[in-house]
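J.: sequence plus the predicted model coming up.
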Amino acid sequence: MKFMNFIMSSSGGRANRKEVEEVWDIIETYKNNQKGNGANPSIQKNSDTVKETKDEENAKRKLLEPDVDIPAKKKKLNVETVEDTAFEKFSFQEKILSTLNAKGSISLKKLQKKVLNAYLKYTGENTVTPKMIKKFNKKLKKVRIIEVTDEEVKLMENIES
């Protein structure tokens, strides 16, 4: 009965009761056959000798396995490369300038969308928050070689340092 309750609850009640009972009957007959086989001493002796030889083989393998630790070294190298990339900061200015160099002039909304999508990829977040928009606007104001007019962003032609 416990088996049937377990199957019914784990399948969400979608299992057919007759099939579950048939499976349980098969398990019981297998279990009874195993008990019957256990009474024969010659089978038990053979199984004991097989177990002993397998244990000896496993012991030899266990002694040989600790010498090989190459995969652990590879993992350490991968961890170092991940840590190196984590120290690189996202540069709003570089992304803004690269987008403007490619397009020449672009609307403020499109630029904001492109830069913030790149920032989302970098951070791994899913949605743009008002805090991110505020940060983008702050970084946009700091870039001196661009000109924002009427929701249009352009690179300045005459750059004076």
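T.: Received the coordinates, thanks.
J.: after the lowest-mean-pLDDT helix or strand in the chain, next one along is what?
T.: The helix or strand of the chain with the lowest confidence, counting by mean pLDDT, DSSP states H and E, is helix 70-86 at a mean of 53. The helix or strand immediately downstream of helix 70-86 is helix 92-103, counting by DSSP states H and E.
J.: other SSEs contacting that following helix?
T.: In terms of contacts (3 or more Cβ pairs under 8 Å, 6 or more residues apart in numbering; DSSP states H and E), helix 92-103 is packed against helix 108-123, helix 130-142, strand 146-149, strand 152-155. Quick note: C-beta positions are derived from backbone N, CA and C, even for glycine.
J.: one more time with 7 Å, if that's ok
T.: helix 108-123, helix 130-142 (3 or more Cβ pairs under 7 Å, 6 or more residues apart in numbering; DSSP states H and E).
J.: what angle sits between the first one and helix 130-142?
T.: Taking axes from the mean of the first three to the mean of the last three Cα atoms, to 10 degrees, one finds that helix 108-123 is oriented at 120 degrees with respect to helix 130-142.
J.: buried set for helix 108-123?
T.: Using 16 or more other Cβ atoms under 10 Å as the test for burial, helix 108-123 gives 108, 111-112, 114-116, 118-119.
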